[in-house]
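Chemist: I'd like to go over a predicted model; first the sequence, then the structure.
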Amino acid sequence: MNKVKYIFVDLDKTLLNDEKKVCDKNKEAIDKALSKGHKVIIATGRPKSAAIIGAKNAGLYKDGCFILCYNGGMIYDCTKEQVIFEKTLSMDEIHNIESEADKYGIHVQAYENDKVICKSEDEELKFYCKNGQMEYEIRDSIINTLKSPSLKVLLISFDNEKIVRFRNEHPEFETGSLHSFFSCEEYLEYMPSDISKGDGIVNMSKIFGFDMKDTIAIGDERNDLTMIEMAGLGVAMCNGADCVKDIADYVTTLNNNEGGVAEVIEKFVLNS
């Protein structure tokens, strides 16, 4: 009998098509993989509540499915409906980032009980929440009102030069317990230094005792780089960013509208 494969799949522009739906081809391949005992894990930057909505819409909220959300900051078991791992930033780290982002006029947000917490209902917030079906709350301050530490802090700007400059002018945030990365051109994310999608796969392997060589990671964007690098088989969608395709072990021939995830499952799981 073949070993169980752990298939980590990004949502937007990977599993989901441009209409934010899962095509029939992907659904059929995933159902076949699950029926044979393989595991499918949604790996996303979204908060848990939004990731659960995505999982349910994709038909992946059932036995054999997990959610790696907050870009690896939390692992959620869909069968038991419980969080099995999480790691947050410190309140001091959140305060420092919020204070500096304010000086640049950059939208900054944190998370409390999966709700977006920010200080203005601006275009950046609307852009972020448009497809994620996320709740938000506007407050006068983030750090002074948070009841618990956030799993990440997200800066959003449509001016890429401004957000790149912010990152370059704050190297102190990159030392010690923090690191940052661009999940797309508009999003700059600050998280614990040992948390990423790739670290999420490693943490799951420790919890469940599977070998990293039995993992497959499929993604399209910069926040998928670590999991594609660290998985036993790293796959880039053909519609993905060039930097992702450059480091992948395999690049799909089908895009996110045509069933690229199904291509991977059929080639490397069902027919291997």
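Modeler: Arrived safely.

Chemist: in the protein, where is pLDDT below threshold?
Modeler: Low-confidence segments of the chain, defined by pLDDT under 70: 1-2, 131-132.

Chemist: same thing but at 50, please
Modeler: Scanning the chain for pLDDT under 50 picks out 1.

Chemist: domain parsing for it?
Modeler: 6-86+195-270, 91-192 (automatic domain parsing).

Chemist: deepest-packed of those, please.
Modeler: Of all these, domain 6-86+195-270 has the most neighbours on average by mean count of other Cβ atoms under 10 Å, namely a mean of 20. All C-beta atoms are positioned from the backbone trio N, CA, C, and that covers glycine.

Chemist: quick one, helices of the stretch 1-150 of the chain?
Modeler: Secondary structure of the stretch 1-150 of the chain, counting by DSSP state H, counting those that start in this stretch: helices at 24-35, 48-57, 91-104, 123-129.

Chemist: elements contacting the first one?
Modeler: This means helix 24-35. With contacts taken as 3 or more Cβ pairs under 8 Å, 6 or more residues apart in numbering; DSSP states H and E, helix 24-35 sits against strand 39-43, helix 260-265.

Chemist: what does the shortest one contact?
Modeler: In this case it means strand 39-43. 4-11, 15, 30, 33-34, 51, 54-55, 58, 60, 64-69, 72, 197, 200-201, 204, 217, 219, 224, 227 (Cβ atoms under 8 Å, 6 or more residues apart in numbering).

Chemist: on that earlier part again, now for the helices of the stretch 1-150 of the chain, which one comes closest to G232?
Modeler: Nearest of those to G232, taken as Cβ to Cβ: helix 24-35 at 15.3 Å.

Chemist: for the closest one, list the C-alpha coordinates in CSV.
Modeler: Written as CSV, here are the backbone C-alpha positions of helix 24-35 (Å, rounded to 0.1, in the frame of the first residue of the first chain):
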residue,chain,number,x,y,z
ASP,A,24,-15.2,19.9,-10.9
LYS,A,25,-11.9,18.5,-12.0
ASN,A,26,-10.3,19.5,-8.7
LYS,A,27,-13.2,18.3,-6.6
GLU,A,28,-13.1,14.9,-8.2
ALA,A,29,-9.4,14.4,-7.8
ILE,A,30,-9.5,15.6,-4.1
ASP,A,31,-12.4,13.3,-3.3
LYS,A,32,-10.5,10.3,-4.8
ALA,A,33,-7.4,11.2,-2.8
LEU,A,34,-9.4,11.5,0.4
SER,A,35,-11.1,8.2,-0.3
